[in-house]
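**Q** Pasting the sequence and the predicted model now:
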Amino acid sequence: MLDIKFLRENPDLVKENIKKKFEDKKLPMVDEVIAYDKRNREILQEEQALQAEVNKASKQIGALMKQGKKDEAMAVKNSIAENKGKIQALSAEQKNVEEEIRKRMLVIPQMIDPSVPIGPDDSCNQEIQKFGDPVVPDFPIPYHTDIMESFDGIDLDAAGRVAGNGFYYLLGDIARLHSAVLAYARDFMIDRGFTYVIPPYMIHGNVVQGVMSFDEMDAMMYKIEGEDLYLIGTSEHSMIGRFIDQIIPEEQLPLTLTSYSPCFRKEKGAHGIEERGVYRIHQFEKQEMIVVCRPEESKMWYDKLWKNTVDLFRSMDIPVRTLECCSGDLADLKVKSCDVEAWSPRQKKYFEVGSCSNLGDAQARRLKIRVKGADGKKYLAHTLNNTVVAPPRMLIAFLENNLQADGTVKVPKVLQPYMGGKEVLVPKHRK
């Protein structure tokens, strides 16, 4: 959410930013906010003037009563009552005006970083770097669920009967591999100085509004019926929510945290052949990284975060690349974002396995996350987040890149301690 003072003083910049994000339907909101903001300040002035009259008149009543001027005193009392009624009406109007301002400010997008490429959708995202050599083996790579089934490692039919489409049972070596990747990712981030956290898996509605846009909320969040609770779509939601209404001493920054959680998503609009199996699902687990820092440090942390994910995947010999997200592909709270994509030998292309985002002060402004500097002054923190790893989607890349011609799957050295020392996974049968 933008600072209303910035919008008031720079309406043309805000409108240009909206155009860069190809959200022209939001352009009228800028002028609407300015008009409501003007009325809000007028109301404040009117209230102050009326209150001054009330205060002045209140002092007159005692003097008039001492002078025996009861009628005049009563007239003053009536004027006070009338002015208090006006103040009450203005207060009610102000509440409505402020609600109209907030409603629009919540959907006017954050100012994007000047380095963000301009484009309407993800087709305009730009490749930054590639890491590792993508290989297409000389034997066919089965679909990922077929590989898992060769290990008796997945049961989608039973999951469909129990919970419906978009759910799964993982079993045996595949389930163990799933947990091994998460455990390795946890230790990988701890070794890089991040504090490990297990957060709440449900959050209140005000936290949801603080961490994401309405469009994201509608497309992602499951609400608990009859309660002010939502299942998290990523641990970022409760991790950032932890600091709601908090003042953080500057000397404690940066806060570098890595969190595990299950994640729950509606995945509205999911479609396409590559979304079969466990690519796009309603429930999964993820290791996340979160940073709360000073504004001047957020660009540096952004680069560190996505490189952590690259290093993790490369340690398992999985080729990856990073894509700079264009303006039209950025959620409204994001200043800058990039996707980390892993190589799929079967598809002969890369696919998304993680996303890194710098949200500037957008979440901090909504949630009132402030920092107290050494000089005693308070300012808004910057927040960032990035996926460390998110199986089972990540397992698709792992299995395809480590599959051998005989159907076995190599276990990289870094994962072997988490797999009981196994160097190779042997299928129970061929598909």
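**A** Received, thanks. Numbering: from 1, shown residues only.
**Q** which SS class is Glu352?
**A** Using DSSP: H, G, I helix; E, B strand; the rest coil as the criterion, the local structure at Glu352 reads strand.
**Q** from memory it sits against Asp339, does it?
**A** Yes: Glu352 lies in contact with Asp339 (C-beta atoms under 8 Å); the separation is 5.0 Å. C-beta coordinates here come from the backbone N, C-alpha and C atoms, glycine included.
**Q** Settle this for me: Gly407 is touching Phe151, isn't it.
**A** No: if you go by C-beta under 8 Å, Gly407 and Phe151 don't touch, sitting 9.1 Å apart.
**Q** which residues are common contacts for those two?
**A** Taking C-beta atoms under 8 Å, 6 or more residues apart in numbering as the contact rule, Gly407 and Phe151 both touch Pro427.
**Q** out of these two, which sits in the busier spot?
**A** Neighbours were counted for Gly407 and for Phe151 using other C-beta atoms under 10 Å; Phe151 has more, 23 against 18.
**Q** hmm, back to that, more neighbours: which of Glu352 and Asp339?
**A** Asp339 (24 against 15).
**Q** Could you grab the helix/strand/coil label for that one?
**A** Of the three states, Asp339 takes strand according to three-state DSSP.
**Q** List the contacts of it.
**A** Asp339 touches Asn125, Thr322, Leu323, Cys325, Glu352, Gly354, Ser355, Cys356, counting by C-beta under 8 Å, 6+ apart.
**Q** When you filter the residues you listed down to buried only, what's left?
**A** Taking 16 or more other C-beta atoms under 10 Å as the criterion, what is buried in those is Asn125, Thr322, Leu323, Cys325, Gly354, Ser355, Cys356.
**Q** Inside helices: which ones of those residues?
**A** Applying DSSP state H to the buried ones among the contacts of Asp339, no entry is found in helices.
**Q** Among the residues you listed, which are located in strands?
**A** Thr322, Leu323, Gly354, Ser355, Cys356 (DSSP state E).
**Q** what's near enough to touch the nearest residue to His237 once chain neighbours are set aside?
**A** Once flanking residues are discounted, His237 sits nearest to Val211: 5.0 Å by C-beta to C-beta, 6 or more residues apart in numbering. Taking C-beta under 8 Å, 6+ apart, we find Val211 in contact with Glu236, His237, Ile240, Gly241, Leu333, Gln363, Arg366, Leu367.
**Q** In CSV, list these along with pLDDT and distance to Pro249.
**A** As requested, the contacts of Val211 are exported to CSV (pLDDT from 0 to 100; distance: C-beta to C-beta, whole Å):
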residue, pLDDT, distance to Pro249
Glu236, 94, 23
His237, 94, 24
Ile240, 97, 18
Gly241, 96, 20
Leu333, 94, 25
Gln363, 96, 19
Arg366, 95, 21
Leu367, 97, 17
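**Q** Confirm Cys178 sits in a helix?
**A** Quick fix: residue 178 reads His, not Cys. Yes: applying three-state DSSP, one finds His178 inside a helix.
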